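**Q** From the sequence below, what's the structure:
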Amino acid sequence: MVREKRSYESIFIISVSVGEEKIKEIVEKFKNFISEKAELETVDEWGKKELAYPINYEKEGYYVLLKFKSDPNFSAELNRVYGITDGVIRSLIVLEEEKTNNK
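**A** Presented below is the predicted three-dimensional model:
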């Protein structure tokens, strides 16, 4: 049985304390990971921004927004990989609502 791919948005925040090279490495890691197992649509690097509240005593983070289509099971795997990746301090994956033409 083939499942229909659904649209997701994911944002993750990287600790700026890891340095610019490590930030680039982490962004590439997730771009490649999603491309291998799903359809990566867009990558929007927001860059370094002030956090709404300190996380682990840090006041800034490097924000990255990803949009992709995947099987529903993939989001759990992506969330697991975010959790075990050194340098990722927060992440969120959201299922985008289906757009309808009902007015």
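
**Q** tell me which residues of the host helix or strand of Lys67 are tucked away?
**A** Counting by DSSP states H and E, the element that carries Lys67 is strand 58-70. With burial defined by 16 or more other Cβ atoms under 10 Å, the residues of strand 58-70 counted as buried are 61-64, 66-70. C-betas here are computed from N, CA, C, even on glycine.

**Q** Pull the residues that contact that strand.
**A** The contact list for strand 58-70, computed with Cβ atoms under 8 Å, 6 or more residues apart in numbering, reads 5-17, 23, 27, 30-31, 34, 37-51, 55, 89-90, 96.

**Q** In strands, which of those fall?
**A** Mapping the contacts of strand 58-70 onto strands (DSSP state E) picks out 6-15, 39-51, 55, 89-90.

**Q** Is it correct that Phe74 is in contact with Glu36?
**A** No: in this structure, Phe74 is not within contact of Glu36 by Cβ atoms under 8 Å, at 10.4 Å.

**Q** And those two? Which one has more around it.
**A** Phe74 (19 against 8; other Cβ atoms under 10 Å).

**Q** Give me the distance from the longest helix seen in the chain to the chain's centre.
**A** What stands out as the longest helix in the chain, according to DSSP state H, is helix 20-37. Here helix 20-37 is found 10 Å from its chain centre; the criterion is Cα atoms, centre = their mean, to the nearest Å.
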